[in-house]
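>>> next come a sequence and a model predicted from it.
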Amino acid sequence: MTPLGAKLRTLRQERGISLKQMAAALNVSSAYLSALEHGRRGKPTGFLLHRIIAFFNVIWDEAEELQRLAEISDPRITIDTGGLAPEATELTNRLAADIGKLDADDLRFLRDELIRRSGRRR
């Protein structure tokens, strides 16, 4: 599941909306919406994301959060380390090989450490 998918599922459940109801309102298939929630589809288009924001009637901070989550929710990311330090290539390859072996606590630690060291906010 992607960060956006988890948030969409939470919003739906909090409001008592079924996957089928939401899909019909957005004019997409429930299969597509399910795949989006489960991370089997890439991030939605900007147009669909705006429709999702309008569907949930969220404003300001929540809308920005959904946009931010969409940006970090591509389940099939490609990383080009060409021209970077050898350590970047090694890190990328190790992460690709071992990410499935890490538990949620390890993943949160690595994510938070990367954010801290890169100087970016969540």
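Structure's in. What do you need?
>>> distance from stretch 96-113 to the middle of the chain?
15 Å (C-alpha atoms, centre = their mean, to the nearest Å).
>>> for the closest residue in space to Ser29 that isn't next to it in sequence, pull up the helix or strand it's in.
Leaving aside its sequence neighbours, Ser29 sits nearest to Ala23 (C-beta to C-beta, 6 or more residues apart in numbering; 6.0 Å). The way it works is simple: take the backbone N, C-alpha and C, and place the C-beta from them, glycine included. Assessed by DSSP states H and E, Ala23 sits inside helix 19-26.
>>> so how far is Ala104 from Leu110?
Distance from Leu110 to Ala104, counting by C-beta to C-beta, to the nearest Å: 11 Å.
>>> which one's more surrounded, these two?
Each of Leu110 and Ala104 has its neighbours counted (other C-beta atoms under 10 Å); Leu110 has more, 13 against 7.
>>> got the contact list for the more buried one?
Applying C-beta atoms under 8 Å, 6 or more residues apart in numbering, one finds that Leu110 lies in contact with Leu102.
>>> can you tell me the helix or strand for it?
helix 104-118.
>>> what residues of that helix count as buried?
When neighbours are counted by 16 or more other C-beta atoms under 10 Å, no buried residue of helix 104-118 is found.
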